[in-house]
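> the amino acid sequence is not available; the structure is as follows:
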């Protein structure tokens, strides 16, 4: 390709997660050939997001303000704090409509192999906030993966040592599933946690 | 998500081909959390490409100039014209280093079901250029798919009717492959086209 603009665009698209050389080329050609308006729109959205978005001073989620809308909302139950890994997880919990408390978004998970320790996920801020007096219960809603479980364990132990009530999302059989096709670990957990 | 900037970014990322809601969210969070520089870079590259790139007046490929570098190059053999579907295909032919002629990039393929007819792939421009006198041979290098073959057939018939020499990329067994694992259609073609 002789022109430098096209390779620059393909190179830039490769910085998106999961996008390699071929996909990046396909995206670039698609935008240039069929969707210039989309390209302009995406450029603008990226520009605005990169310059405006920052982390909420209280819960660490992405926001444009000093404190995010959820944390500012006076109708949220300030005695409950739900700890999640990412804003996407937070959005999933929000969509259920079953939780009216506040959040703390770790923006990651403990992962010593990747060099991600307690400082990188803001655990000291979390502990400070959880023990400030307002919070009565911390709900650990990290993922049920090895790293998520480890993260929940570390946070749970630390907060219990500080005398707080700590709960974890229930493990069990997913809604709508047939036992025959549910993995054994899940059934075993559901048996142990039966109520 | 309370802030409008993030949903706007996710919506914009969904305009990329093959990117749905989940992938777009993952991309947005990745850029905001781990690669703001990449986001700025991508915004700039998109902006520049969308405003600067246009089609070469001669071969229709993407370029920043009136006529692309390949078409301007005095060392290219002007008697040979290679017809390809996309700039990516052109780049693939270029990488072989086996072709020193010029190109005509269709920027698509005949596809009546998608409403893409001869006008949309600039066939009249191609016929004009091929019959202007300089071109001695037109090499059809459209893809070996149903639509690519149909496109090659239509172009080939029209140019032969105008008295031009028209060739098609050879079909046959790919380099490095074992006959046992090559599909029957390919072996049949290789037998017919044996030399």
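That came through fine. None of these values were measured; they are calculated from a predicted model.

> so for the residue sitting nearest the centre point of chain A, what pLDDT did the model give?
Nearest to the mean C-alpha position of chain A, counting by C-alpha atoms, centre = their mean, stands residue A:86 at 0.8 Å. Looking at residue A:86, its pLDDT is 90.

> what helix or strand does the nearest residue to it once chain neighbours are set aside sit in?
In space, and not counting its chain neighbours, residue A:86 is closest to residue B:29: 6.2 Å by C-beta to C-beta, 6 or more residues apart in numbering or on different chains. To be clear about C-beta, it is placed using only N, CA and C from the backbone, and glycine gets the same treatment. Residue B:29 is part of helix B:21-34 when elements are defined by DSSP states H and E.

> that helix - what's its average pLDDT?
pLDDT averaged over helix B:21-34 gives 91.

> what is that helix packed up against?
helix A:36-52, helix A:87-96, helix B:5-13, helix B:36-52 (3 or more C-beta pairs under 8 Å, 6 or more residues apart in numbering or on different chains; DSSP states H and E).

> any chance of JSON lines for these, columns mean neighbour count and distance to residue A:105?
Listed next are the helices and strands packed on helix B:21-34 as JSON lines, based on neighbours: other C-beta atoms under 10 Å in any protein chain shown; distance: least, C-beta to C-beta, whole Å:
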{"stretch": "helix A:36-52", "mean neighbour count": "20", "distance to residue A:105": "17"}
{"stretch": "helix A:87-96", "mean neighbour count": "16", "distance to residue A:105": "6"}
{"stretch": "helix B:5-13", "mean neighbour count": "21", "distance to residue A:105": "13"}
{"stretch": "helix B:36-52", "mean neighbour count": "20", "distance to residue A:105": "17"}
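
> could I get those in CSV, plus columns for distance to residue B:82?
What follows is the helices and strands packed on helix B:21-34, written out as CSV (distance: least, C-beta to C-beta, whole Å):
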stretch, distance to residue B:82
helix A:36-52, 27
helix A:87-96, 46
helix B:5-13, 35
helix B:36-52, 25
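
> residue B:115 is nearest to which of these?
helix A:36-52 (19.7 Å; C-beta to C-beta).

> what sits against the residue nearest to residue A:8 when sequence neighbours are not counted?
Distances taken as C-beta to C-beta, 6+ apart put residue B:45 closest to residue A:8, at 5.0 Å, once the chain neighbours are dropped. Residue B:45 sits next to A:5, A:8-9, A:11-13 when contact means C-beta atoms under 8 Å, 6 or more residues apart in numbering or on different chains.

> circling back to that earlier point, quick one: residues in contact with the helix holding residue B:29.
With C-beta under 8 Å, 6+ apart, helix B:21-34 has contacts from A:15-18, A:46, A:49-50, A:53, A:62, A:86-88, A:107-108, B:6, B:9-11, B:13-14, B:16, B:19, B:38-39, B:42.

> between it and helix B:5-13, how big is the angle?
120 degrees (axes from the mean of the first three to the mean of the last three C-alpha atoms, to 10 degrees).

> any buried residues in helix B:21-34, and which?
If you call a residue buried by 16 or more other C-beta atoms under 10 Å in any protein chain shown, then helix B:21-34 has these buried ones: B:23-32.

> ok, now stretch A:175-188?
So stretch A:175-188, judged by 16+ other C-beta under 10 Å, has buried residues residue A:186.

> the helix holding residue B:29 vs helix B:36-52, what angle?
Relative orientation of helix B:21-34 versus helix B:36-52 (the same axes, to 10 degrees): 120 degrees.

> which stretches in chain A count as strands?
A:54-55, A:62-63, A:77-84, A:101-105, A:137-140, A:165-168 (DSSP state E).

> residue A:71 contacts residue A:58, doesn't it?
Yes. Residue A:71 is within contact range of residue A:58, at 4.3 Å (criterion: C-beta atoms under 8 Å).

> which neighbours do these two share?
Common contact partners of residue A:71 and residue A:58 (C-beta under 8 Å, 6+ apart): residue A:102.

> pull the helix or strand with minimum mean pLDDT from chain A.
Between all helices and strands in chain A, the lowest mean by mean pLDDT, DSSP states H and E belongs to helix A:184-192, at a mean of 88.
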